[in-house]
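> quick one, structure for this:
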Amino acid sequence: MQIYKVGGAVRDRLLGKPVTDIDWVVVGATTEEMLAKGFRPVGADFPVFLHPKSGEEYALARTERKSGRGYGGFTFHASPEVTLEEDLIRRDLTINAMAEDDQQNLTDPYHGQRDLEERILRHVSPAFAEDPLRVLRVARFAARYAELGFKVAPETLELMRQLSESGELEALTAERSWKEIFRALMEDQPQVFIQVLRDCGALKVLMPEVDALFGVPQPEAHHPEIDSGIHTLSVLEQSALHKQPLTVRWACLLHDLGKGLTPEEEWPRHIAHEHKGLKLIKAVNERFKAPKDCQELALLVGQYHTHGHRALELKASTLLELLQSFDVYRRPQRFEEFIVACEMDARGRKGLEQRSYPQADYLRGAANVARGVAVQPLLEKGFKGPELGEALKRERLKALKVYKESAAS
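Numbers count the residues shown, from 1 in each chain. Presented below is the predicted three-dimensional model:
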């Protein structure tokens, strides 16, 4: 029995990055031998065990063969005869197909260390094209290591293109796709993930609503970058630069989908794109079964982001309606995330990345004013039920009118 550290732990150590998760491969062992040593089995499809003390995963060396569609369409074979090299060749990228023994002696049959040094994301073997999930994984790695200068090898991008055209991407489950998407969105350069998916034709399969934005112009006065797709990438980039949470990043990606529905004869204006985009945002939300908080914020940002930009011009009544729509009294954090999503949208414009956004503090102040209206005096006046709600609304409107006048003076 020989035990090797494999995959990301080896890759990140060689890159000088922190190593968080460690995967181990066991060569020359049987299931019975692992159980005898106290390992606990967890693998449903192939033999994976938890170490009795550390809890880390140890997998028996295995080979795999394509037997069906999608990510799960594989038959695995694990036995003591499977070599380390045979186990490593089934992995996605050369930089993930290296192993180390307990003395840090490197096993690198597919030149992963060379590709690390040359900053290349390259597939290990033609079997790469058998697993559609790898399209998303490679795009995610491109986002993760973009700051180090990594690029996808042309021949790997071509295989990704073939996968995108094969219909295999449609076989991915929503759960598996979302896991890759949310991890990619939380990288330092998530816009690279979207760009790589577009470069290989996967974006028009997975998110045709986002892909449709590219080539759609916007008024240059407000959008010096002109292209709606480029703008979306820039907004996503800003959300990462400002360390925004997943909910905000997801909303930033989807906020302008309605612009993809504007007839060419109306370009570069996009009248009512906020409302038109809601059905598209809903479709993407449902396709990937995004978490409820991500779904809700994406829809709200899609519908109201231009209200955010025009906050200083809004009538007090419109401002109150906006606050009511977000339920700022019980869900203050959601409104805060809306505000920062609007700010990212404003900054995601060529040459305007450092612009100030006074609307943010104005909206925060308005929310505080509305929340500050006390209910008790109205109760003491005898209001109750629907009448109390209407009275509360009137008092909040009065307070917002005063707030608006003081902000203008």
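
> residue 141 and residue 93 touch, don't they?
Yes. With contacts counted by C-beta atoms under 8 Å, residue 141 reaches residue 93, the gap being 6.8 Å. Every C-beta, even on glycine, is put in place using the N, C-alpha and C of the backbone.

> shared neighbours, those two?
residue 121 (C-beta atoms under 8 Å, 6 or more residues apart in numbering).

> quick one: mean pLDDT over stretch 272-282.
Average pLDDT, stretch 272-282: 97.

> what's the weakest-modelled helix or strand in the protein?
strand 74-78 (a mean of 72; mean pLDDT, DSSP states H and E).

> could I get the buried residue list for whichever helix or strand comes after that strand?
Later in the chain than strand 74-78, the nearest helix or strand by DSSP states H and E is helix 84-89. Neighbour counts using 16 or more other C-beta atoms under 10 Å place 84, 86, 87, 88, 89 of helix 84-89 among the buried residues.

> how far off centre is stretch 119-128?
Mean-position distance between stretch 119-128 and its chain equals 23 Å (C-alpha atoms, centre = their mean, to the nearest Å).

> flag every buried residue along it.
120, 121, 122, 123, 124, 127, 128.

> make JSON lines from those and add secondary structure to it.
Compiled in JSON lines, those are given as follows (DSSP: H, G, I helix; E, B strand; the rest coil):
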{"residue": "120", "secondary structure": "strand"}
{"residue": "121", "secondary structure": "strand"}
{"residue": "122", "secondary structure": "coil"}
{"residue": "123", "secondary structure": "strand"}
{"residue": "124", "secondary structure": "coil"}
{"residue": "127", "secondary structure": "helix"}
{"residue": "128", "secondary structure": "helix"}
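
> now do the strands in the stretch 1-150 of the chain.
2-6, 23-27, 40-41, 48-50, 57-60, 62-66, 74-78, 99-100, 106-107, 120-121 (DSSP state E, counting those that start in this stretch).

> and the two most separated of the buried residues of stretch 119-128?
Spatially, the most separated pair among the buried residues of stretch 119-128 is 120 and 127, at 18.7 Å (C-beta to C-beta).

> so which residue is dead centre in the chain?
Centroid-nearest residue in the chain: residue 185, 2.7 Å away (criterion: C-alpha atoms, centre = their mean).

> so how far is residue 160 from it?
19 Å (C-beta to C-beta, to the nearest Å).

> which residues are in contact with the longest helix belonging to the chain?
In the chain, taking DSSP state H as the definition, the longest helix is helix 385-408. By C-beta under 8 Å, 6+ apart, the residues outside helix 385-408 that reach it are 312, 316-317, 319-320, 323-324, 362, 365-366, 369-370, 372-373, 375, 378-379, 381, 383.
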